[in-house]
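Pasting the sequence and the predicted model now:
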Amino acid sequence: MALDDPAGRGARKVKTQALVYLAAADPVRAAELAAAQYDAADNMTDRQGALMVLAGLDHPAREERLAAFHARYRENALVVDKWFTLQALSLHPDVIVHVRQLAEHRDFTLKNPNRVRSLHMAFAGNPKGFHAADGEGYRMVADVILALDPINPQTAARFVPALGRWRRIEPGRAALMKRELERIMAAGNLSRDTFEQVSRSLEG
């Protein structure tokens, strides 16, 4: 079975999905097997699949393999984007802390729209992190909008709909989402794009 034929690709996806299921039941064993898959991988699919599983686990192999992956591919912008994304999408309990740390990484800048999307837009699509019960995920996205608006208003405005769905969420989280929209609006000096999106989100 060739690595690049449909059967080979399917087998690799099944192998990674099995690790995802195992991670829910036995995270230590899943981390060990994911680390072994990463180390033995001779293709990007297996390597990224293993790293995706490790990103969501609290295990020493997580940091080791994430660092190894970055060191190996740091000159490849598209792969580094994926490195940011898989961490932003992880179900790790400290994902918000990790995203804040990644925003300070030497390879991250708000001036690069692709890098912003790979980290912050990905996080806004992470149901566990973004919808954290304490509202910290909403607060972080609002902070990104405010920081990004003077640099790239079009991209900043694209983040607003994530908060603008507050009417579809249970009341506790909805109030937190709305509060962040109100905080953005109160900041003043918004670009037209962002102002319009926030106004529309608040008015319904």
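Received the coordinates, thanks.

where in the protein is pLDDT low?
Within the chain, the stretches with pLDDT under 70 are 1-10, 204.

domain ranges for it?
1-73, 74-204 (automatic domain parsing).

Could you identify the longest helix within this protein?
The helix that spans the most residues within the chain, counting by DSSP state H, is helix 6-25.

after that one, next one along is what?
Moving toward the C-terminus from helix 6-25, the next helix or strand (DSSP states H and E) is helix 27-40.

send the alpha carbons of that next one over as PDB?
C-alpha atoms of helix 27-40 as PDB (Å, rounded to 0.1, in the frame of the first residue of the first chain):
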ATOM      1  CA  PRO A  27      -4.400  10.200  27.900                       C
ATOM      2  CA  VAL A  28      -1.100   8.900  29.100                       C
ATOM      3  CA  ARG A  29      -1.100   6.000  26.800                       C
ATOM      4  CA  ALA A  30      -2.400   8.100  23.900                       C
ATOM      5  CA  ALA A  31       0.500  10.600  24.500                       C
ATOM      6  CA  GLU A  32       3.000   7.700  24.400                       C
ATOM      7  CA  LEU A  33       1.600   6.300  21.200                       C
ATOM      8  CA  ALA A  34       1.300   9.700  19.600                       C
ATOM      9  CA  ALA A  35       4.900  10.500  20.400                       C
ATOM     10  CA  ALA A  36       6.000   7.200  18.900                       C
ATOM     11  CA  GLN A  37       3.900   7.900  15.800                       C
ATOM     12  CA  TYR A  38       5.500  11.300  15.500                       C
ATOM     13  CA  ASP A  39       9.000   9.900  15.900                       C
ATOM     14  CA  ALA A  40       8.400   7.100  13.400                       C
END
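
coming back round to it: what helices or strands is the longest helix of the chain leaning on?
In terms of contacts (3 or more C-beta pairs under 8 Å, 6 or more residues apart in numbering; DSSP states H and E), helix 6-25 is packed against helix 27-40, helix 44-55. Yep, even glycine has a C-beta here, placed from its N, CA and C like the rest.

from those helices, which stretch is densest packed?
Of all the helices and strands packed on helix 6-25, helix 44-55 carries the top mean neighbour count, a mean of 22, counting by mean count of other C-beta atoms under 10 Å.

CA atoms of whichever helix or strand comes after that one as CSV?
Of the helices and strands lying after helix 44-55 in sequence (DSSP H and E), the nearest is helix 60-73. Extracted C-alpha coordinates of helix 60-73, given in CSV (Å, rounded to 0.1, in the frame of the first residue of the first chain):
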residue,chain,number,x,y,z
PRO,A,60,6.0,16.1,28.5
ALA,A,61,5.9,14.7,25.0
ARG,A,62,3.7,17.6,24.0
GLU,A,63,6.3,20.4,24.5
GLU,A,64,9.1,18.2,23.1
ARG,A,65,7.4,17.3,19.9
LEU,A,66,6.0,20.8,19.3
ALA,A,67,9.5,22.2,19.7
ALA,A,68,10.9,19.6,17.4
PHE,A,69,8.3,20.3,14.7
HIS,A,70,8.9,24.0,14.8
ALA,A,71,12.6,23.6,14.6
ARG,A,72,12.3,21.3,11.6
TYR,A,73,9.9,23.4,9.6
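
contacting residues for the most centrally placed residue in the chain?
Nearest to the geometric centre of the chain sits Ala88, at 2.1 Å (C-alpha atoms, centre = their mean). Contact analysis of Ala88 by C-beta atoms under 8 Å, 6 or more residues apart in numbering lists Val95, His98, Val99, Leu102, Ser118, Leu119, His120, Ala122, Phe123, Asn126, Gly129.
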